[in-house]
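[1] here's my sequence, what's the structure:
(2 chains)
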Amino acid sequence: MKKISTKALNKSFLNWFYGNLTCFSQEHMQTFGYMLAMLPILEDLYDTNAEQTEKMQTYSAFFNTEPQVGAIVVGITAGMEEARANGEDVDAETINGIRAGLMGPLAGIGDSLVVGTVLPILLGIAMGLSGGGSPLGAIFYILVWNIGMFLLMRFMYFKGYEMGGKAVEVLVGEKAGAIRESIVMVGTMVIGGVTASWININTAFQMLNEEGGVIVDLQKTLNDVYPHILSAVFVLLCWYLMSKKKMSPIAVMGLLVVVAFVGVLVGFFDPGLSY
Amino acid sequence: MTISVLQAALLGLCACLSSMPGLGGTTFGNYTLGRPLVAGLICGLILGNVQMGILLGCAVQVVYIALVTPGGTVSADVRAVSYIGIPLAMVYVASTGMDPATASAQSLAVTLASTVGTLGTVLFYGTATINLVWQHIGWTNVEKGNLKSLYLVDMVFPWISHILCSFIPTFLICRAGSDMVSLIQNYLPMDGIAMKTLFTVGSLLPSVGVAILLKQVVSKPKDFLTFFFGFTLCACMGLNLIGCAIVAGFFAIINYEIRVLGLRPVAAASSSMDDDDEEDI
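    Predicted coordinates for the structure are as follows:
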């Protein structure tokens, strides 16, 4: 009965943690990171170079997912490779079936949940701590994100290794859906908070009477309606253009340049600067 | 403030570590060193003004708060935003004598960083293309059974791609850029329409970053109410972001409990009793 040594598992995990994207190309995105992560496992399970080379062919298929959440796939295949070395009914197709089957869903979970929600929440808090130019927020982010992600990835890698192919059901179950929805809810609220705290769009538009006195100060009026309303309006406008009109972020940025130029010309925007 | 040879070299090294297929790894490279907030701290340390670095880094961070690269498609690569844009913005702000805590200095940093961010996209595709060469070497060696070469391919050779596509561009632009700053000042006065537009763009751009994030999390109209709930907490009720996150966490727990309650009857009907031990207590 062959069993992968803890040392080999740790080495495999570290290879993935560091090297998942270092040799990225558009053709084989994370394939080399994956092969490097499997190398300690294969070396541990198979004695001859010929066997190791043959088994490595399994992992030469294209691989790309959100690499942090994707640590679980590497763990799962390590478990499956161990089963294969013990003569269980696991072949290259089974392993690659799991790899290909989890790549997409995990990229979806990882991109929207970890990178798209947890990371902005942490950054939002960190920006709050760094108000006034204090390094505290940046240090907070560096520590919490790195320690948190390292432990999460390690946990997922070893959980995947223990569970092998069975891990698939847990990842796409209903309870996972409830957790996902709740975290996304925190994210949505914090994004609202970030909009209010960190976006500053003000108008300089004023209506003057004949003596130069102010009749209408548009920004003041808007503040009475709903503070920071222009920031919210612009975010919604950008959202509308990107999700309903399918414009690319670059195109939207280009459009904002035009809006800014016209706005400055008509006096709607005026940063009011001088050297 | 100018950028010396040594300082430019350090910034170039950070650019190598921090980009998307970066040599610092995904978690520490791209998602830590590459974030403009962290880059603000690093650039501040390198250039000797941490407070200014953080203030400008924070402002730029809002634009790139949603920088997700699904399937390896990038709209902007962080190495240029963080280690060309922020240092140049610092030099510019310092030489004009602006207060970095003001909205105008921050708008300038945002505009500058976003502009050089588009250059980063070119650098990204350059790096990925050169990596094809190393991968080709890798395939040849793996077929021959020379498996240890994977370490060279994945961790050593990409340094060459990065020296060409991260280090050299960052080094050259940072060095040249600090001389160009005074040129810009002479030709583009602050009260001219070009500078006014530039600063206005800087204040508008963060809304694109937030909107990208919103696009990912809003799936139904009621999600907008969640967004405005958070917005109202900060805009009308004066909570800071930590307070906002705690209130949000509280609502998320309520939501989770309700969702799990909704799942229970189904679970009880379809599975046997011993599966539900934990929930019955």
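[2] what about B:Tyr151, neighbour count?
    Using other CB atoms under 10 Å in any protein chain shown, B:Tyr151 has 14 neighbouring residues. The C-beta positions use only the backbone N, C-alpha and C, and glycine is treated the same way.
[3] in a helix, A:Ile215, correct?
    No. Assigned with DSSP: H, G, I helix; E, B strand; the rest coil, A:Ile215 falls outside any helix and is strand.
[4] what's near enough to touch it?
    Listed by CB atoms under 8 Å, 6 or more residues apart in numbering or on different chains, the contact set of A:Ile215 reads A:206-209.
[5] wait, B:Ile163 sits on B:Cys16?
    Yes. Between B:Ile163 and B:Cys16 there is a contact at 7.2 Å, judged by CB atoms under 8 Å.
[6] between the two, which one's more packed in?
    Higher neighbour count among B:Ile163 and B:Cys16: B:Cys16, with 24 against 14, using other CB under 10 Å.
[7] ok, the more buried one to chain A distance?
    Look at B:Cys16 and chain A: by CB to the nearest CB, to the nearest Å, they are 11 Å apart.
[8] helix, strand or coil: sort out the residue in chain B that chain A sits nearest to for me.
    Nearest residue of chain B to chain A (CB to the nearest CB) works out as B:Gly230 at 2.7 Å. Taking three-state DSSP as the rule, one finds B:Gly230 in the helix state.
[9] tabulate the contacts of A:Ile215 in JSON lines, adding columns for pLDDT.
    As requested, these are exported to JSON lines (pLDDT from 0 to 100):
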{"residue": "A:Gln206", "pLDDT": "82"}
{"residue": "A:Met207", "pLDDT": "80"}
{"residue": "A:Leu208", "pLDDT": "80"}
{"residue": "A:Asn209", "pLDDT": "80"}
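[10] which one of the residues you listed has the most neighbours?
    A:Gln206 (14 neighbours).
[11] who's it bridged to?
    A:Asp217 (DSSP bridges).
[12] got a list of what it touches?
    A:214-218.
[13] what subset of these is buried?
    Of the members of the contacts of A:Gln206, none is counted as buried by neighbours, 16 or more other CB atoms under 10 Å in any protein chain shown.
[14] going by distance to chain B, which of those residues wins?
    A:Leu218 (15.3 Å).
[15] mind listing what's buried in stretch A:9-16?
    Across stretch A:9-16, burial judged by 16+ other CB under 10 Å covers A:9, A:11-16.
[16] touching it from outside, list them.
    A:33-34, A:36-41, A:67, A:71, A:74-75, A:78, A:153-154, A:157-158, A:161.
[17] among these, which are located in helices?
    The helices, defined by DSSP state H, take in A:33-34, A:36-41, A:71, A:74-75, A:78, A:153-154, A:157-158, A:161 from the contacts of stretch A:9-16.
[18] could you list which of those also contact chain B?
    Residues of those in contact with chain B (CB under 8 Å from any CB of the partner chain): A:33, A:36, A:39, A:153.
[19] show me the contacts for the second one.
    Going back to what we said before, that points to A:Leu36. A:15-16, A:19, B:150-151, B:154-155.
[20] redo the residues you listed as TSV? Include pLDDT.
    Shown next, in TSV, are these (pLDDT from 0 to 100):
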residue	pLDDT
A:Asn15	95
A:Trp16	95
A:Gly19	91
B:Leu150	92
B:Tyr151	93
B:Asp154	91
B:Met155	92
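[21] same list, those, but as TSV with distance to B:Ile212 and secondary structure please.
    Listed next are the contacts of A:Leu36 as TSV, based on distance: CB to CB, whole Å; DSSP: H, G, I helix; E, B strand; the rest coil:
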residue	distance to B:Ile212	secondary structure
A:Asn15	32	helix
A:Trp16	28	helix
A:Gly19	28	helix
B:Leu150	35	helix
B:Tyr151	36	helix
B:Asp154	30	helix
B:Met155	32	helix
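[22] how far does the helix or strand containing B:Ala89 sit from the chain's center?
    B:Ala89 is part of helix B:86-96 when elements are defined by DSSP states H and E. Chain-centre distance of helix B:86-96: 19 Å, with CA atoms, centre = their mean, to the nearest Å.
[23] try stretch B:6-17
    With CA atoms, centre = their mean, you get 17 Å for stretch B:6-17.
[24] just stretch B:16-35 next, same as before
    A distance of 10 Å separates the centroid of the chain from that of stretch B:16-35, by CA atoms, centre = their mean.
[25] mean confidence score for that stretch?
    For stretch B:16-35, mean pLDDT rounds to 89.
[26] end-to-end on stretch A:157-177?
    The straight-line separation of the ends of stretch A:157-177 (CA to CA, to the nearest Å) is 21 Å.
[27] no wait, stretch B:198-217
    30 Å.
[28] wait, does that stretch make contact with chain A?
    Yes. Interface with chain A: stretch B:198-217 contributes B:199-201, B:203-208, B:210-217 (CB under 8 Å from any CB).
[29] buried subset of those?
    Neighbour counting by 16+ other CB under 10 Å classes B:199-201, B:203-208, B:210-217 among those as buried.
[30] can you pull the poorly scored residue ranges out of chain B?
    B:66-76, B:181-182, B:184-185, B:188-190, B:265-281 (pLDDT under 70).
[31] quick one: pLDDT of the closest residue to chain B within chain A?
    Closest residue of chain A to chain B, CB to the nearest CB: A:Gly192 (2.7 Å). We have a pLDDT of 89 for A:Gly192.
[32] what does the one 5 residues further on give?
    For A:Ser197, the pLDDT comes out at 83.
[33] count of neighbours near B:Tyr92?
    B:Tyr92 has 23 nearby residues by other CB under 10 Å.
[34] how close does the closest residue to B:Gly22 other than its chain neighbours get to A:Glu210?
    Nearest non-adjacent residue to B:Gly22, counting by CB to CB, 6 or more residues apart in numbering or on different chains: B:Gly29, 3.6 Å away. Distance, B:Gly29 to A:Glu210, using CB to CB, to the nearest Å: 62 Å.
[35] B:Leu198 too?
    From B:Leu198 to A:Glu210 the distance is 34 Å (CB to CB).
[36] which residue packs closest to B:Leu123, ignoring adjacent ones?
    Nearest residue to B:Leu123, sequence neighbours excluded (CB to CB, 6+ apart): B:Cys165, at 4.8 Å.
[37] what's around the one you found, how many residues?
    B:Cys165: 26 neighbours (other CB under 10 Å).
[38] A:Val266 too?
    8.
[39] can you check the pLDDT for it?
    Reported pLDDT for A:Val266: 87.
[40] likewise for the one 4 residues further on?
    We have a pLDDT of 81 for A:Asp270.
[41] residues in contact with the nearest residue to it once chain neighbours are set aside?
    Distance criterion CB to CB, 6+ apart; nearest residue to A:Asp270, sequence neighbours excluded, is A:Ala204 at 3.7 Å. Counting by CB under 8 Å, 6+ apart, A:Ala204 touches A:219, A:267-270, A:272.
[42] from those, which would you call buried?
    Among the contacts of A:Ala204, those classed as buried by 16+ other CB under 10 Å are A:269-270.
[43] contacts for stretch B:39-50?
    In contact with stretch B:39-50 (CB under 8 Å, 6+ apart) are residues A:133, A:135, A:138-139, B:1, B:3, B:7, B:10-11, B:14, B:18, B:33, B:51-58, B:60-61, B:78, B:81-83, B:86-87, B:90-91, B:94.
[44] can I get the contacts of A:Leu36 in JSON lines including distance to A:Asn96?
    JSON lines is the format used below for the contacts of A:Leu36 (distance: CB to CB, whole Å):
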{"residue": "A:Asn15", "distance to A:Asn96": "20"}
{"residue": "A:Trp16", "distance to A:Asn96": "17"}
{"residue": "A:Gly19", "distance to A:Asn96": "20"}
{"residue": "B:Leu150", "distance to A:Asn96": "19"}
{"residue": "B:Tyr151", "distance to A:Asn96": "24"}
{"residue": "B:Asp154", "distance to A:Asn96": "20"}
{"residue": "B:Met155", "distance to A:Asn96": "25"}
